[in-house]
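1. The sequence isn't on hand, but the structure is:
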């Protein structure tokens, strides 16, 4: 799956894409979980989640009820990199739990170690733009992919963003569907 992920990114031929790939190779992106307990909370969960979001998003754009003029490069970039903010974000810790025999033992679990507290979508946009330019539509889609899990004070702004860039809404939906329908 890692090879397919890299091949997709390289296919965009976007200036800076090789640098992003090199960056990802130096991080835990390809081994990291997608979350601590909600979806994809296992090794390689983030990679699996990103690939599933891409698959779902492609289908959503193809079958959208409105005409969307979106390039394949844009779909690849926003789907595969929407959660780049999660690199080096999760750490393994240990807690006591009873095993099958009723004996206490230390078991691993994921915990958050946010060394760059800059939000979620906005952090992904910031990290990507350190290596390459994004279109406005790509920035909005990645920034608002969390949708209405954002604080309620931002709901009006999110709605405006989705009207301006419907692709942002489709990315949010693809993210949710990957998480809830496929648990990755």
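-> Good, I have the coordinates. Being a predicted model, the structure only gives us computed values, none of them experimental.
2. What average pLDDT does the lengthiest helix in the chain get?
-> For the chain, the longest helix by residue count, based on DSSP state H, is helix 45-62. Averaging pLDDT along helix 45-62 yields 96.
3. any idea which helix or strand comes after that helix?
-> helix 72-81 (DSSP states H and E).
4. just checking, next helix/strand downstream of that following helix?
-> As assigned by DSSP H and E, the chain's next helix or strand after helix 72-81 is strand 90-98.
5. That next one packs against which elements?
-> strand 104-112 (3 or more Cβ pairs under 8 Å, 6 or more residues apart in numbering; DSSP states H and E). Yep, even glycine has a C-beta here, placed from its N, CA and C like the rest.
6. Please point out which parts of stretch 66-80 sit buried.
-> The neighbour-count check on stretch 66-80 (16 or more other Cβ atoms under 10 Å) flags 70, 73, 74, 75, 76, 77, 78, 79, 80 as buried.
7. most centrally placed residue in this structure?
-> For the chain, the residue nearest the mean C-alpha position is residue 83 (2.6 Å; Cα atoms, centre = their mean).
8. Against residue 183, how distant is that residue?
-> 15 Å (Cβ to Cβ, to the nearest Å).
9. ok, residue 51 to residue 34 distance?
-> 11 Å.
10. These two - which one has more neighbours?
-> Between residue 51 and residue 34, counted using other Cβ atoms under 10 Å, residue 34 has the larger neighbour count: 26 against 19.
11. which non-adjacent residue is nearest residue 123?
-> residue 85 (3.9 Å; Cβ to Cβ, 6 or more residues apart in numbering).
12. So, low pLDDT: which residues of the chain?
-> Residue ranges of the chain with pLDDT under 70: 151.
13. switch the cut-off to 90
-> 35-45, 88-90, 92-93, 107-117, 119, 146-155, 182-184 (pLDDT under 90).
14. Next up, phi/psi of the residue nearest to residue 35 when sequence neighbours are not counted, please.
-> In space, and not counting its chain neighbours, residue 35 is closest to residue 41: 5.3 Å by Cβ to Cβ, 6+ apart. Here is the backbone geometry of residue 41 (degrees, to the nearest 10): phi -90, psi 60.
15. Residue 41 and residue 108 touch, don't they?
-> No - the criterion here is Cβ atoms under 8 Å, and residue 41 misses it with residue 108 at 11.4 Å.
16. more neighbours, those two?
-> The neighbour comparison of residue 41 against residue 108 (other Cβ under 10 Å) goes to residue 41, with 16 against 9.
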